[in-house]
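Participant: Structure for the following, please:
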Amino acid sequence: MKIFKKRIDINDAVENWMLNEKKCGKLRGKRGRLFRLFSTLGKMWKSRM
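Facilitator: Purely as a prediction, here's the structure:
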């Protein structure tokens, strides 16, 4: 199961990020949003390596 969790598609990650933005994105500014997006993508990239 761990192998499948690491091989997350970027599209799925973006979709999950968009869903999270709809839930709590209104409380933050654009700066926090971009930072969270890049941090999540960075974590995925590190997990792939």
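Participant: For residue 20, what is the enclosing helix or strand?
Facilitator: helix 10-24 (DSSP states H and E).
Participant: other SSEs contacting that helix?
Facilitator: helix 30-48 (3 or more Cβ pairs under 8 Å, 6 or more residues apart in numbering; DSSP states H and E). No exception for glycine: its C-beta is placed from N, CA and C like everyone else's.
Participant: Give the other helices and strands that the helix it packs on contacts.
Facilitator: If contacts are counted by 3+ Cβ pairs under 8 Å, 6+ apart, helix 30-48 sits against helix 10-24.
Participant: ok, and what's touching the helix it packs on?
Facilitator: Outside helix 10-24, the residues within contact range by Cβ atoms under 8 Å, 6 or more residues apart in numbering are 33, 36-37, 40-41, 44.
Participant: Which ChimeraX command selects the buried ones in these?
Facilitator: To isolate the buried members of those in ChimeraX, using 16 or more other Cβ atoms under 10 Å:
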select :36,37,44
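Participant: Now the two most distant members of the contacts of helix 10-24.
Facilitator: Spatial extent of the contacts of helix 10-24 (Cβ to Cβ) is set by the pair 33 and 44 at 16.9 Å.
Participant: In this structure, what helix or strand scores lowest on average pLDDT?
Facilitator: Among the helical and strand segments of the chain, the one scoring lowest on mean pLDDT, DSSP states H and E is helix 2-6, with a mean of 54.
Participant: what about residue 42, how many neighbours?
Facilitator: 10 (other Cβ atoms under 10 Å).
Participant: cool, residue 9 as well?
Facilitator: Residue 9, neighbours per other Cβ under 10 Å, totals 9.
Participant: Could I get the pLDDT score of it?
Facilitator: At residue 9, the pLDDT value in this model is 73.
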